[in-house]
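Enquirer: sequence and predicted structure are below.
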Amino acid sequence: MKEVCRPIKGVRLIIAGGGTGGHLFPGIAVAEEVSRRFRDSEILFITGRRRMESRILSREGFRQSSIAIEGLKGRGWRGMLGTIMKLPKSFFQSVSIMKGFSPDVVLGVGGYSSGPVCLAARVMGIPSAIHEQNSFPGLTNRILCRIVDRVFISFEDSRRHFSGGRIFLTGNPVREELVGERAIDGEDQKGFTVLVVGGSQGARAVNSAFLAALEVLRARGRVPRVIHQTGEADYERVLKGYLELGVQGDVTPFIMDMGSAYRRADLVVSRAGATTISELAALGKPSILVPYPHAANRHQETNAQMLARVGGARVILEDGLSGEKLADLLTEYMSNREDLAEMGRLAKGVGRPDATRVIVDFLLEMTKE
């Protein structure tokens, strides 16, 4: 598809969704691309009321409005009933926000807040689309596919799980800060650096296994440099673990400058969320992936195996995860940079670096229909 350019009129875009970085970061990538093409563009994010969403969007300089919406998963029947009773309120909040903003097009990027917003867009006659990051679509997107005008998917496997909509394989957008010129230049450093990240909210099992691996590596005299995103809930425990081991690490609840973290990393130890997989592939970063075992239809395992099949990652299932096994893999790659470089090259071969551009082209096309 050729890039659609409209040099006179800007774009008014609403991006709805969030809850996790995996939903929010692709939306930010799309917003950055629209802003790059049109100086007079207006972009508004509509999210729930989590502090993480506000912190990230404030840092990126994007406007945000919030609606009263919460997830259903793990809330019990009383919590689910309370959430369902809030749905009409969130719908009318969405209508009010859109009346004030007058968007040309609406994009839902997953998470519960995209539901009321995309429904309001349909009622108001505003073109809308959704983007699904995972191989198995979330509940909200499986419902919205019948409501929106277009469905963008990151993996071909997702297509069979949608029961309606015009479906387009686009890939998963990756933020400019990760793939721009500064990211490509890299950072000059010596030694071996491991980036540990369990997603925007951390991962206790990954954190624990990596601490155990550090203890083994320390005994072997092979301790690497570490950048470790723990998640808010596990930060104090993990930081204490580093202090008790006497190992230095850049330990933080949440990494704000992910571009710098990726540039510094020789190897990534991570969960296998779709956005992380897309970033690893786009950047050609070798990785050890530990899929979250309770993800719907084990979609993280599917995501991880997609990279592993081409040789771009190693996968350890959580029920087989141990400090000893993780330490063995880390030692293997610290000792063999050639294999590590080949893994990164193979990962990059399955990346879709033009995903953001393709999605923005489609959105602009929709405003003309």
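Expert: Yep, it's here.
Enquirer: verify the stated contact: residue 10 with residue 43.
Expert: No. Taking contacts as CB atoms under 8 Å, residue 10 lies outside contact range of residue 43: 9.9 Å. C-betas here are computed from N, CA, C, even on glycine.
Enquirer: so which of those two has more stuff around it?
Expert: Neighbours per residue, other CB atoms under 10 Å: of residue 10 and residue 43, the larger number sits with residue 43, 23 against 17.
Enquirer: show me where the stretch 251-369 of the chain has its strands.
Expert: Under the criterion DSSP state E, counting those that start in this stretch, strands of the stretch 251-369 of the chain are mapped to 267-270, 287-289, 314-315.
Enquirer: among the ones you listed, which is the most enclosed?
Expert: With neighbours taken as mean count of other CB atoms under 10 Å, the strands of the stretch 251-369 of the chain reach their highest mean count in strand 287-289, at a mean of 26.
Enquirer: which residues touch that strand?
Expert: 267-272, 280, 304, 307-308, 312-316, 326, 329-330, 343, 347 (CB atoms under 8 Å, 6 or more residues apart in numbering).
Enquirer: show me the residues you listed that map onto helices.
Expert: Assignment to helices by DSSP state H places the following of these there: 280, 304, 307, 308, 326, 329, 330, 343, 347.
Enquirer: which one (most neighbours) among those?
Expert: For those, the largest neighbour count, defined by other CB under 10 Å, is 28 neighbours, found at residue 304.
Enquirer: contacting residues around that one?
Expert: 272, 277, 289, 291, 313, 315.
Enquirer: again, only this time at 6 Å
Expert: Residue 304 sits next to 272, 289, 291, 315 when contact means CB atoms under 6 Å, 6 or more residues apart in numbering.
Enquirer: just residue 280 next, same as before
Expert: Applying CB under 6 Å, 6+ apart to residue 280 gives the contacts 287, 347.
Enquirer: and stretch 272-287, average pLDDT?
Expert: Here stretch 272-287 scores 93 as its mean pLDDT.
Enquirer: and it, how far out from the chain middle?
Expert: The chain centroid and the centroid of stretch 272-287 are separated by 10 Å under CA atoms, centre = their mean, to the nearest Å.
Enquirer: related to what we said a few turns ago, let's have the contacts of residue 304 in CSV, adding distance to residue 142.
Expert: Formatted as CSV, these follow (distance: CB to CB, whole Å):
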residue, distance to residue 142
272, 21
289, 25
291, 21
315, 26
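Enquirer: so which of the residues you listed comes closest to residue 95?
Expert: Comparing the contacts of residue 304 against residue 95 with CB to CB places residue 272 closest, at 36.9 Å.
Enquirer: near that closest one, how many other residues are there?
Expert: By other CB under 10 Å, 27 other residues sit near residue 272.
Enquirer: can you tell me how far it is from residue 300?
Expert: Plainly put, residue 272 is 4 Å away from residue 300 if you go by CB to CB, to the nearest Å.
Enquirer: hey, what's in contact with both of the two?
Expert: The contact lists of residue 272 and residue 300 share residue 291, where a contact means CB under 6 Å, 6+ apart.
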